[in-house]
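Participant: coords below, sequence missing:
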């Protein structure tokens, strides 16, 4: 069992920045990949980015590439999503998730992930 808690969401103007954190606890002695996903009202959940256990493979969706950066601190069991140049279309609930079965892959499919946080709201005003 792994528990995840996201933090750092909020309201920001377009062009601004936010940094989300995802703290993992529980069976974190196993290596794991971590992904970020988001879901806007009335839309399906979409992949944002992911980082593998070693931190040497990172994938981003085309919609955030060049603006968002994922990093992780294995010692703190925490991953981060630095979001710059935010746009109103980035407004969504952001979720982090861990993949214990494929820790060396930064998977882009939500079904690959085993545990999910409750999410944190990000609202970007125009």
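Facilitator: Nice, thanks for sending it over. Model, not experiment: these values are computed from the prediction. Numbers count the residues shown, from 1 in each chain.

Participant: C-alpha only now, for contacts and for neighbours.
Facilitator: Noted.

Participant: what's the neighbour count on residue 80?
Facilitator: 21 (other CA atoms under 10 Å).

Participant: ugh, wrong one, residue 1
Facilitator: So residue 1, with other CA under 10 Å, has 8 neighbours.

Participant: what about residue 79, helix or strand, and which?
Facilitator: Counting by DSSP states H and E, the element that carries residue 79 is strand 78-83.

Participant: can you give me the strands in this structure?
Facilitator: 2-7, 10-13, 18-26, 33-39, 46-51, 58-60, 68-73, 78-83, 92-99, 115-116, 120-125 (DSSP state E).

Participant: Minimum distance to residue 105: which of these has it?
Facilitator: strand 33-39 (6.7 Å; CA to CA).

Participant: Give the pairing partners of the closest one; include direction for each.
Facilitator: strand 46-51 (antiparallel), strand 92-99 (antiparallel) (DSSP bridges).
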